[in-house]
Each structure stands twice: as C-alpha cells, then as structure tokens.
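*Asks:* Any chance you could fold what I've pasted below:
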Amino acid sequence: MNAVNSIIFALECIAVISFSVSGTVVAIGKRADVFGAVIFSFITTFGGGLIRDLIIGNHPPLLFVSREYAILAAICFAVSLTVFLISFAGNIADRLSQNLHNLLLEGTDMLGLALFCILGVDSAMASAPEIQNNVALLVFCGCITGVGGGILRDVFSAQIPLLFRKHVYIIPALLGTACYVLLLPHTERLIAILVSVSIILILRTLAIRFHWNLPTPLENNRK
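*Replies:* Got it, this is the predicted structure:
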C-alpha cells in the first residue's frame with residue numbers, strides 16, 4: 001500500500017469511527033440495547049455505500065467481498081461496543097444534556113458525511129470505471145454514500161431524517177462532492193480531497209452555528 005492509499009484508508013477509518021459514534025449515540029438516545037446499538041452503527045456507517053453499489057450494479061456490494069471493508073466493519077463494531085459500554089457504565093444516556101447530545105451527534109455526523117461523500121466517489125469509480133466521465137452519476141454516488149446511512153438510521157429510529165430538516169444538510173454534500181469530481185482530473189487526489197472535505201465541513205459548521213435552514217411551511221406560518 002503506497003502513501004496515498006494509506007492516507008485514504010486512514011480517512012476511511014476516521015469516517016467509520018465518526019458514523020459509528022453517530023449511530024450509537026442515536027441508539028443510546030432511543031434506549032436501544034447493545035445489539036440495537038451495533039445495528040444502528042452498521043446501518044449508519046455502511047448503509048450509504050450499500051445503496052450506492054446496488055444502484056450502479058456492483059453485485060455483490062463491496063461490503064461483502066472486500067478485505068478492506070472487513071477491517072472497517074471490525075472497527076465499526078469495536079467503536080460502537082465501546083461507546084455503548086461507556087454509556088452503560090456511566091449512565092451517560094441520563095446525564096447527557098440535549099445540547100451536548102446534539103453537538104456530539106452533529107459533530108460526528110458532519111465529519112462522516114464529509115469523508116464518505118468523497119470516498120464514495122472513489123469507490124464508485126473503482127467499481128465501475130465506465131462511469132468515470134459521468135459527472136452527475138459520480139456526484140450522486142458520492143452524496144448517497146454520505147447521506148444514505150444517516151437516512152436509514154433516522155428512519156429506523158422513527159424520526160424525519162436530518163437530510164430533510166436540519167441546517168441545509170444536502171447542499172454542502174452536493175457542493176463538496178461536485179467540487180471533488182470536477183477537481184479530480186485537474187489536480188492531485190489528496191489536494192482535491194482536502195479542498196472538497198473542507199467545503200463540506202465549513203458549510204455544515206456555519207449552517208449549525210448560524211442556524212441556516214431552508215424555509216418550511218411551519219416557519220412561514222409562524223406568527
């Protein structure tokens with residue numbers, strides 16, 4: 001494994017850790033048991049990639065055939081179990097304030113979103129080289145990798161997905177992923193990753209900090 005691939009794998013590990021924590025935090029908030037926490041973690045982490053592979057016809061999905069994904073799955077399991085056991089031992093579910101719970105959820109979700117959007121493009125191009133010049137499909141593959149797991153997590157927890165209700169969630173994902181797809185042919189891969197991830201993180205941070213939201217009927221009718 002060369003230096004670039006090592007860095008990419010390290011970013012994948014960070015993304016897995018972030019989404020694993022995010023999924024487990026939601027499970028803890030819903031009072032799920034340890035099995036539920038692990039399932040939430042796996043859904044959040046790998047759900048988007050699974051949807052991506054099914055859409056582009058990559059059968060069986062990478063999750064079930066790649067040795068790299070086996071390592072990432074083990075990391076996901078270990079992180080989820082650790083977070084759950086810490087919460088169980090420390091009664092964190094009772095002690096976490098709503099603000100702290102939201103901060104932890106949004107922070108880990110934001111980092112996972114940024115990294116998986118970009119890494120999803122790489123996985124799509126590696127799995128289906130024929131789509132490398134299809135900008136729209138690559139952007140879609142990146143975005144669904146980033147947001148798909150979170151959508152499944154929220155649906156499983158019986159709440160409206162963050163994608164549809166929280167701080168212009170999809171717009172940073174679209175802009176950052178599009179930037180990566182457009183930069184990739186013209187610059188080095190790591191530079192394209194750095195720029196694109198930064199766009200997503202900055203926009204999401206600003207949206208959370210300043211409560212940027214798209215208009216909703218409830219807001220328009222509020223007196």
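*Asks:* Kindly provide the distance from Leu152 to Arg189.
*Replies:* Distance, Leu152 to Arg189, using Cβ to Cβ, to the nearest Å: 29 Å. C-betas here are computed from N, CA, C, even on glycine.
*Asks:* Among the two, which residue is more densely surrounded?
*Replies:* Leu152 (21 against 16; other Cβ atoms under 10 Å).
*Asks:* Give the rounded mean pLDDT of whatever helix or strand that one lives in.
*Replies:* Per DSSP states H and E: Leu152 is located in helix 135-156. Here helix 135-156 scores 95 as its mean pLDDT.
*Asks:* quick one: that helix to chain centroid distance?
*Replies:* Distance of helix 135-156 from its chain centroid, counting by Cα atoms, centre = their mean, to the nearest Å, is 8 Å.
*Asks:* immediately after that helix, which helix or strand?
*Replies:* Following helix 135-156 in sequence order, the next helix or strand is helix 170-183 (DSSP H and E).
*Asks:* May I see the buried residues of the following helix or strand past that following helix?
*Replies:* Using DSSP H and E, the helix or strand that follows helix 170-183 in sequence is helix 189-209. For helix 189-209, the neighbour count (16 or more other Cβ atoms under 10 Å) marks Arg189, Ala192, Ile193, Ser196, Val197, Ile199, Ile200, Leu201, Leu203, Arg204, Ala207, Ile208 as buried.
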